[in-house]
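Novice: fold the following and give me the result.
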Amino acid sequence: MKNFIYILAVIMFSCSNESNDTNNSSSGTLRWSCKVNGVQYQWSGSYPYSATSGQSSYLGEPASIPTVSLASPIISSGNRQVMLNLSFQNENLGTRIINGSEAGNTASLVLNQQVYSTYPSMAQINLNISQMASAVNGITKGTFSGTMVGGGTGTIQTINITEGSFEAIRIQ
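Specialist: Numbering: from 1, shown residues only. Alright, predicted model coming up:
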């Protein structure tokens with residue numbers, strides 16, 4: 001579990017840095033939304049992101065494991081209310097199950113500084129990619145829902161994620 005949290009922290013740090021990618025010609029409004037245990041969370045904005053803005057980005061193959069990163073703006077001391085990462089095996093359109101059973105098949109959520117995930121196969125996210133960005137730029141779109149587990153001080157809590165959707169810009 002310690003290794004998973006370390007990997008999650010590295011992914012989150014790399015996704016929260018501003019990008020100077022001038023080759024990406026995509027523009028427009030980016031967005032994401034979902035309900036966590038019935039509470040609505042959402043963000044919309046544009047690229048490039050500022051140091052304090054939210055984000056909706058997609059990192060693709062071959063430079064990394066395909067990952068959609070969604071985050072709310074920084075609220076205090078560098079913390080975000082929501083940071084969700086959905087990593088999967090390949091850049092195909094369609095539905096996949098993310099349950100942490102294989103390398104590159106994980107979902108993690110930091111909600112108000114509490115970490116939840118599909119690791120170790122105790123929960124799953126159903127992810128449907130309806131539009132995939134090209135290898136150099138564009139927008140990836142999809143929907144998601146499912147469950148994650150997390151907790152502290154020896155307790156495990158299951159959360160339900162419903163009505164998730166995103167439009168994310170390819171930044172790599």
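Novice: contacts only, for residue 150.
Specialist: Taking C-beta atoms under 8 Å, 6 or more residues apart in numbering as the criterion, residue 150 is in contact with 109, 114, 115, 116, 117, 156, 157, 159. Where you see a C-beta, it was placed from the backbone N, CA and C, and this is true even at glycine.
Novice: tally of neighbours for the first one?
Specialist: Neighbour count of residue 109, defined by other C-beta atoms under 10 Å: 24.
Novice: so what does it look like in phi/psi?
Specialist: The phi and psi values for residue 109, taken as degrees, to the nearest 10, are phi -140, psi 130.
Novice: isn't it right up against residue 119?
Specialist: No. With the criterion set as C-beta atoms under 8 Å, residue 109 and residue 119 do not qualify as a contacting pair; they are 11.4 Å apart.
Novice: can you list the low-confidence ranges for the protein?
Specialist: Judged by pLDDT under 70, the chain has its weakly predicted residues at 1-28, 120, 152-153.
Novice: where exactly do the strands run in it?
Specialist: With DSSP state E as the definition, the chain shows strands at residue ranges 30-36, 39-45, 55-59, 67-71, 74-76, 79-80, 82-87, 94-98, 106-111, 114-117, 125-131, 139-150, 157-170.
Novice: from the contacts of residue 150, which would you call buried?
Specialist: Restricting the contacts of residue 150 to buried positions leaves 109, 115, 116, 117, 159, with burial counted as 16 or more other C-beta atoms under 10 Å.
Novice: any chance of these in a markdown table, plus distance to residue 102?
Specialist: Formatted as a markdown table, the entries for those read as follows, by distance: C-beta to C-beta, whole Å:
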| residue | distance to residue 102 |
| --- | --- |
| 109 | 19 |
| 115 | 20 |
| 116 | 19 |
| 117 | 14 |
| 159 | 22 |
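Novice: what's the closest of those residues to residue 90?
Specialist: Minimum distance to residue 90 across the buried ones among the contacts of residue 150 is 20.7 Å, recorded for residue 117 (C-beta to C-beta).
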